[in-house]
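S.K.: sequence first, then the predicted structure:
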Amino acid sequence: MENPPGPLSNAPNAGAFREPSPLRTAGGIWSLEDDHLASIEQFGSDLSVVLVRTEHVLIITAQLPPIASMARRRAALPFAIEDRIAEPLDEVHVALGAEVAPHTFIVGVVRHELMRQWVLRLAEAGLDRAALVPDALSLPVPGPDTWSVDLAGERAMVRLPDGTGFAMPLALFTSAWEANGKPHAIAYGDTLPPQMEAARTELEVEPLAHRLLVPALDLRQGPYARPRKPVDPLWRRIAFVTATGALAHATIATGDTLALSHIAGERETEVRALAATVQPSLVLDPELSTTVKSLAPASQATAAPSQFLILIDRTGAALTAVDIPVLWRSVAFDQAVGTLTIAVETSDIAGLQRVLQALTAAGLTVQPGAATTDQGSAIGSFTVLAG
């Protein structure tokens, strides 16, 4: 079903809204209506999502040939949907979303003019790294022949079984429901209309942040992609020192053993000292637990394991159960609150979802963070809580 037109209304479960302070960097979920940003939910991770009106975005599915490269998929996408949109391709932004069936992807289409306005508004509010997600996609994906429905005021918002969604005036909602065969409906907002009383009503207990950990569609792509987080100069120094030490070790094998061993030893000592000062937001190799343990001072070899090492071991063990390659990108430990934050890379969005499932299945308390996709890979952060 194509997206019907409709007026604007509040995002689901919004509660009391308030305008964010400029340059606010705390993680959270926001709603953007016209030029007004409103807070829906705030939390401690660095995940930031801004929900925009689904009425402004055409959400459909498209089949693409089996292309491995994400960049090539995006290049082929406009031609796959050209005959399904009413506006010229050069006037609209086309965004590639999650794969919902083999070679079938969610697609979002929105006018360039509107995207530029949204991105500028987020930059002014200090949310320039936030994902932009149509608000209908904040609803859970229902089962076959079922609609997830959020009614708020004079607006109806719907998520469909194929992962797409739409929003429309409440006055037209019942007619649209009847025209589509009166599917079973699950209410996540106000009570359903009397004509739909036979449909079951239930509430979703999963936090909104979990549903938006890896959005099914992030409009921040191509010319509107989120800026990459700048690298702190200290990490550049650590990377340089580590590379220098690695080069020295490699050259030892060719000769000059005494001189280069001395250089490598100095570099290793410096890396250990730098890592200790930052505790330990440090890019690590795949042998994470071994690498971290090797950085512990010798005086701690017989001491009880620190909370940091305990969380690292449990997290690493959990991710060995994931049946796809998972690359550790970074790790940081906040000793004051006992939280471990990791960033990992997988081949796609579904891989990040498997990571979350593996961590949860291992009995860890996990708070999802930001996720990005770029040229055939997906990078997501997770905060593992102590206890």
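M.R.: Arrived safely. Numbers count the residues shown, from 1 in each chain.
S.K.: helix, strand, or coil at the nearest residue to Leu132 once chain neighbours are set aside?
M.R.: Leaving aside its chain neighbours, Leu132 sits nearest to Leu219 (4.2 Å; criterion: C-beta to C-beta, 6 or more residues apart in numbering). Bear in mind the C-beta positions are built from the backbone N, C-alpha and C, glycine included. Of the three states, Leu219 takes coil under DSSP: H, G, I helix; E, B strand; the rest coil.
S.K.: show me what the helix or strand containing Leu122 is packed up against.
M.R.: Element membership of Leu122 [criterion: DSSP states H and E] is helix 112-124. Here helix 112-124 touches strand 28-33, strand 48-52, strand 92-101, strand 131-134, going by 3 or more C-beta pairs under 8 Å, 6 or more residues apart in numbering; DSSP states H and E.
S.K.: do you know which of those lies nearest Glu154?
M.R.: Nearest to Glu154 among these is strand 28-33 (13.9 Å), distances taken as C-beta to C-beta.
S.K.: what's the closest one packed up against?
M.R.: Counting by 3+ C-beta pairs under 8 Å, 6+ apart, strand 28-33 packs on strand 36-42, strand 48-52, helix 112-124.
S.K.: again, 10 Å this time
M.R.: Identification of packing neighbours for strand 28-33 by 3 or more C-beta pairs under 10 Å, 6 or more residues apart in numbering; DSSP states H and E yields strand 36-42, strand 48-52, helix 112-124, strand 131-134, helix 208-211.
S.K.: quick check: angle from that strand to helix 112-124?
M.R.: In terms of direction (axes from the mean of the first three to the mean of the last three C-alpha atoms, to 10 degrees), strand 28-33 departs from helix 112-124 by 130 degrees.
S.K.: pull the CA atoms of strand 28-33 into CSV?
M.R.: Output in CSV follows, covering the C-alpha atoms of strand 28-33 (Å, rounded to 0.1, in the frame of the first residue of the first chain):
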residue,chain,number,x,y,z
GLY,A,28,17.8,10.6,23.3
ILE,A,29,14.8,10.4,21.0
TRP,A,30,13.3,13.6,19.6
SER,A,31,10.4,14.6,17.5
LEU,A,32,10.7,17.2,14.7
GLU,A,33,7.5,18.9,13.7
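S.K.: quick one on the thing from earlier: as JSON lines, the helices and strands packed on strand 28-33 with mean pLDDT and distance to Leu89 would be great.
M.R.: Output for the helices and strands packed on strand 28-33, formatted as JSON lines (pLDDT from 0 to 100; distance: least, C-beta to C-beta, whole Å):
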{"stretch": "strand 36-42", "mean pLDDT": "87", "distance to Leu89": "30"}
{"stretch": "strand 48-52", "mean pLDDT": "94", "distance to Leu89": "21"}
{"stretch": "helix 112-124", "mean pLDDT": "94", "distance to Leu89": "11"}
{"stretch": "strand 131-134", "mean pLDDT": "95", "distance to Leu89": "20"}
{"stretch": "helix 208-211", "mean pLDDT": "78", "distance to Leu89": "31"}
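S.K.: which among the ones you listed is found nearest to Asp83?
M.R.: helix 112-124 (19.9 Å).
S.K.: still on that earlier bit, and the gap between the residue nearest to Leu132 and Leu385?
M.R.: Remark: distance between Leu219 and Leu385 (C-beta to C-beta, to the nearest Å) = 31 Å.
S.K.: looking at these two, which one has more neighbours?
M.R.: Leu219 (27 against 14; other C-beta atoms under 10 Å).
S.K.: about what we covered before: enumerate every residue touching the residue nearest to Leu132.
M.R.: The contact partners of Leu219, taken as C-beta atoms under 10 Å, 6 or more residues apart in numbering, are 50, 52, 56-57, 93-95, 97, 108-110, 114-115, 118-119, 131-134, 225.
S.K.: go with 8 Å
M.R.: Val52, Val57, His93, Ala95, Gly108, Val110, Met115, Trp118, Ala131, Leu132, Val133, Pro134 (C-beta atoms under 8 Å, 6 or more residues apart in numbering).
S.K.: the first one reaches Ala136, doesn't it?
M.R.: No - in this structure, Val52 is not within contact of Ala136 by C-beta atoms under 8 Å, at 10.2 Å.
S.K.: more neighbours, these two?
M.R.: Comparing Val52 with Ala136 by other C-beta under 10 Å, the one with more neighbours is Ala136, at 28 against 23.
S.K.: excluding chain neighbours, what is closest to that one?
M.R.: Per C-beta to C-beta, 6+ apart, closest to Ala136 is Gly165, 3.1 Å.
S.K.: please tell me how far Pro183 sits from Val149.
M.R.: The gap separating Pro183 from Val149 is 10 Å, by C-beta to C-beta.
S.K.: same check on Glu33?
M.R.: 20 Å.
S.K.: same deal with Glu345?
M.R.: Separation of Glu345 from Val149 (C-beta to C-beta): 36 Å.
S.K.: so those two - more neighbours on which side?
M.R.: Val149 (25 against 18).
S.K.: how many other residues sit next to the nearest residue to the more buried one once chain neighbours are set aside?
M.R.: In this structure, Val149 finds its nearest non-sequential neighbour in Ala185, 5.0 Å apart by C-beta to C-beta, 6+ apart. Each residue near Ala185 was counted by other C-beta under 10 Å, and the total is 22.
S.K.: so Ala185 sits against Leu192, correct?
M.R.: Yes - in this structure, Ala185 is within contact of Leu192 by C-beta under 8 Å, at 6.0 Å.
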